[in-house]
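Enquirer: Build me a structure from this.
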Amino acid sequence: MDKPIYTITSKSDDRVFIHAMPGHFISASSHLNYYVGTSDIKHNHNVSVDAAMLLARYYAEHDIHVDTVLCLYETQALGAYLAHELARPNMLNPNPDDTVFVLGSEYDSAGNLIFRDNLKKLINGKNVLVLISCITSGRTVARAMESVQYYGGRVAGVSAIFSATDTVEGVHVDSIFNADDIPGYEAYAPHDCPHCRAGERVDAIANGYGYSLL
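Expert: Take a look at the predicted model:
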């Protein structure tokens with residue numbers, strides 16, 4: 001696949017960036033005309049630290065207390081830096097004495113998000129921030145939010161590197177990038193994809209971990 005790759009920088013910090021590649025991509029719930037690459041923010045220390053600072057602002061400005069950062073799709077490094085920022089002293093909370101936990105995701109054979117017995121205490125009774133790299137339809141995040149509630153936690157917020165939607169299940173999504181940052185970005189229901197109707201082949205299967213060429 002020989003496609004152009006565009007670098008898009010954050011309006012708030014030009015050291016934070018994603019990549020966008022046009023084409024015909026399919027995810028678990030949608031067909032997409034762009035693949036959004038977030039690998040640098042997830043895996044590059046310097047970019048990840050700066051991104052965490054941007055994401056932490058929303059919670060500081062809105063005085064939202066977070067006990068646990070639940071990390072989906074390889075966002076643990078970003079989640080750790082975000083937890084560090086959330087635990088920093090600030091004007092609203094000058095002497096924080098609470099630890100912010102960082103928790104990865106595990107799924108059972110049916111695709112349900114589960115928490116082992118030794119980790120339930122990080123969810124039960126806690127204010128949980130759900131962190132993910134990209135949100136298209138919001139279904140993955142919605143299932144994670146349900147799981148948090150099943151285990152007795154409260155969803156304090158949803159944060160994403162890129163999100164095509166402003167809310168999930170009535171909860172505001174705070175994201176560094178949105179669909180307006182990628183001109184022409186569209187997500188289609190599988191049965192209503194113009195690329196499929198035009199007979200265009202699928203370039204790759206994409207999910208939160210990356211893409212696989214076909």
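
Enquirer: neighbouring contacts of stretch 71-88?
Expert: Contact with stretch 71-88 is made by 41-43, 45, 48-49, 51-53, 55-56, 59-60, 66, 69-70, 96, 98-105, 129-134, 140-141, 144, 159, 161, 207-209, as judged by CB atoms under 8 Å, 6 or more residues apart in numbering. C-beta coordinates here come from the backbone N, C-alpha and C atoms, glycine included.

Enquirer: mean confidence for it?
Expert: Averaged across stretch 71-88, pLDDT comes to 95.

Enquirer: Mark which of the contacts of stretch 71-88 are buried, thanks.
Expert: In terms of neighbour count (16 or more other CB atoms under 10 Å), the buried residues within those are 41-42, 48-49, 51-53, 55-56, 59, 66, 69-70, 100-103, 105, 129-134, 140-141, 144, 159, 161, 208.

Enquirer: Among those residues, which ones are in strands?
Expert: Within those, residues falling in strands by DSSP state E are 69-70, 101-103, 129-134, 159, 161.

Enquirer: Which pair of these spans the longest distance?
Expert: Spanning the widest gap among these are Phe101 and Cys134, at 23.4 Å by CB to CB.

Enquirer: Return the closest of the ones in strands among the buried ones among the contacts of stretch 71-88 with respect to Asp2.
Expert: Among those, Cys134 lies closest to Asp2 (CB to CB), at 23.2 Å.

Enquirer: residues contacting the closest one?
Expert: Shown in contact with Cys134 (CB under 8 Å, 6+ apart): Val36, Thr38, Tyr73, Ala160, Ile161, Phe162, Ser163, Gly208.

Enquirer: That one and Tyr185, how far apart?
Expert: With the distance defined as CB to CB, to the nearest Å, Cys134 ends up 11 Å from Tyr185.

Enquirer: sorry, back to before: most neighbours out of the contacts of Cys134, which is it?
Expert: In terms of neighbours by other CB atoms under 10 Å, these top out with Ile161 at 28 neighbours.

Enquirer: how near is it to Asp50?
Expert: Computed as CB to CB, the Ile161 to Asp50 distance reads 12 Å.

Enquirer: Asn33 too?
Expert: From Asn33 across to Asp50, the span is 28 Å (CB to CB).

Enquirer: The most centrally placed residue in the chain pairs with what?
Expert: Centroid check for the chain by CA atoms, centre = their mean gives Ile132 as the closest residue, at 2.0 Å. Counting by DSSP bridges, Ile132 is bridged to Ala160.

Enquirer: Could you do Val155 as well?
Expert: With DSSP bridges applied, the residues forming beta bridges to Val155 are Val128.

Enquirer: for it, what are its contacts?
Expert: Contacts were defined as CB under 8 Å, 6+ apart; by that measure Val155 touches Val128, Val130, Met145, Val148, Gln149, Val171.

Enquirer: ok, 6 Å please
Expert: Residues near Val155 by CB atoms under 6 Å, 6 or more residues apart in numbering: Val128, Met145, Val148, Val171.

Enquirer: Could you give the number of residues near Thr165?
Expert: Using other CB under 10 Å, Thr165 is surrounded by 17 other residues.

Enquirer: Just say helix, strand or coil for it.
Expert: At Thr165 the chain is in coil, as set by DSSP: H, G, I helix; E, B strand; the rest coil.
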